[in-house]
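K.L.:
Sequence unavailable; structure follows:
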């Protein structure tokens with residue numbers, strides 16, 4: 001779950017290979033009636049991770065892998081236009 005540090009929200013991503021990466025939550029955004037979340041790894045890189053976002057209760061959410069390439073491209077384009 002998300003953790004708040006210095007007025008920024010962070011989440012730890014756990015990958016299948018056992019690697020854990022702390023990420024800052026940039027924000028949640030809508031595209032075509034779906035919600036997505038943008039995460040920036042706290043590793044000094046310029047990477048941004050985009051996942052589907054699903055609320056599952058009070059102050060709880062799930063990250064959803066975006067498996068469709070067209071959907072992923074649309075989410076990335078929308079994120080880039082928001083940040084533009």
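P.N.:
Perfect, I can see it now. Values in this document were obtained by computation on a predicted structure and should not be read as measured data.

K.L.:
Neighbours of residue 75, how many?
P.N.:
Neighbours of residue 75 under the rule other Cβ atoms under 10 Å: 23. The way it works is simple: take the backbone N, C-alpha and C, and place the C-beta from them, glycine included.

K.L.:
That one in helix, strand or coil?
P.N.:
Secondary structure state of residue 75, per DSSP: H, G, I helix; E, B strand; the rest coil, is helix.

K.L.:
Now do it against residue 27, distance only.
P.N.:
According to Cβ to Cβ, to the nearest Å, residue 75 and residue 27 sit 13 Å apart.

K.L.:
for this structure, what helix or strand is lowest in average pLDDT?
P.N.:
Least confident element among the helices and strands of the chain, by mean pLDDT, DSSP states H and E: strand 3-5 (a mean of 69).

K.L.:
So what touches the helix or strand following that strand?
P.N.:
For strand 3-5, the following helix or strand on the C-terminal side (DSSP states H and E) is strand 8-14. Residues outside strand 8-14 that contact it (Cβ atoms under 8 Å, 6 or more residues apart in numbering) are 1-4, 20-25, 39, 41-42, 49, 63.

K.L.:
so what secondary structure elements neighbour the helix or strand just after strand 8-14?
P.N.:
Using DSSP H and E, the helix or strand that follows strand 8-14 in sequence is strand 20-31. If you count contacts as 3 or more Cβ pairs under 8 Å, 6 or more residues apart in numbering; DSSP states H and E, strand 20-31 packs onto strand 8-14, strand 34-41, helix 69-83.

K.L.:
and these, which is most packed in?
P.N.:
Sort the helices and strands packed on strand 20-31 by mean neighbour count, taking mean count of other Cβ atoms under 10 Å, and strand 34-41 sits at the top with a mean of 19.
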